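> Give me the fold of what follows.
(one chain, ligands or ions: 1)
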Amino acid sequence: MSDILYFETLSSTQTYLKEHYKQLDDRTVVVAAQQTAGRGRFDRLWISQPGGLYFSMLLKPTQSNFLANLTQLMALSICQAVEKYGVAPNLKWPNDVQVNGKKLCGILSEAVAQDGHIACIMLGVGINIAQKDLSHVGQPAVSLYELGVRVDKEVFLQEVLNLFFQRYQAVLTQGFEVLRTAYIERFPFLGKQIAIKNGTAALSGIAQDLSPRGTLLVQTNSGLQEILIGDLQV
Ligand code: BTN
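Residues are numbered from 1 along each chain as shown. Next comes the predicted model:
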């Protein structure tokens, strides 16, 4: 299984892995009780006060066909771990987990390239577990505590890791097909009017489908568009 390294405070578990990945084994997980410079997608700040579960997982896959799908596997594993506590979360493509429109979890995936190949990828995960007040976050957010769930962070992490590694090898070789049915069951936006923002660029249309490789197909005024990355807004 995974080596798990626990820290009280780090600037960012993601930055820690970037600086130490050469000495660390495949599947190492770094956890910090709080982060002073947690990072989100699109260079956003990720406020990381005590109570949340903040971790980054180091992966050194020998195959690199379907790396983007590993983030989706992580999001799905978190959804399924949350469901065990009687909460019904949904996925917000590509990798947010939310409950009733409020963000429960975000994932930042980054890769390090070396000599023309991927040396490692780092899946950075922030889950709102025990925070009692998330009003400072700047977007609708919710914690498991606020949903009435009392769970130990280490127990929850172990459940997520088990669910993730059950399908890890299969996703590396077969990609999104391994996840597609379970992912779509938790993705309530198909058939709905959505907007996708990617930096300053924006596009809107009807979310049509998720492709066999996990990209989002959006029917726009100018035809069907395949979206590889972005922020989904409804
Ligand atoms: C998002 O923008 O939704 C992704 C947020 C990812 C935050 C996690 S917390 C643990 C890891 N360390 C970081 O600095 N960021 C990720």
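> Follow the chain on from the helix or strand where T71 lies and name the next helix or strand.
Taking DSSP states H and E as the criterion, the element that holds T71 is helix 67-83. Using DSSP H and E, the helix or strand that follows helix 67-83 towards the C-terminus is strand 90-92.
> which helices and strands does the helix holding T71 pack with?
Here helix 67-83 touches strand 90-92, strand 96-99, strand 102-114, strand 117-127, helix 153-174, helix 180-185, going by 3 or more Cβ pairs under 8 Å, 6 or more residues apart in numbering; DSSP states H and E. (Each C-beta comes from the backbone N, C-alpha and C, glycine too.)
> A helix includes L17, no?
Yes - using DSSP: H, G, I helix; E, B strand; the rest coil, the assignment for L17 is a helix.
> What is the neighbour count of it?
Look at L17: counted by other Cβ atoms under 10 Å, it has 27 neighbours.
> One more: T215?
By the criterion of other Cβ under 10 Å, T215 has 18 neighbours.
> ok, it touching G230?
No - taking Cβ atoms under 8 Å as the definition, T215 is not a contact partner of G230, at 10.3 Å.
> Right, and the ligand sits closest to which residue of the protein?
Among the residues of the chain, G106 lies closest to the ligand, at 2.1 Å counting by Cβ to the nearest ligand atom.
> in the sheet, who's paired with that residue?
Taking DSSP bridges, one obtains G126 as the residues bridged to G106.
> how close does it get to I121?
Distance of G106 to I121, computed by Cβ to Cβ, to the nearest Å: 17 Å.
> ok, now E83?
26 Å.
> E177 too?
20 Å.
> E226 reaches S211, doesn't it?
Yes - counting by Cβ under 8 Å, E226 does reach S211; the two are 6.5 Å apart.
> Now the common contact residues for these two.
Listed as contacting both E226 and S211 by Cβ atoms under 8 Å, 6 or more residues apart in numbering are L217.
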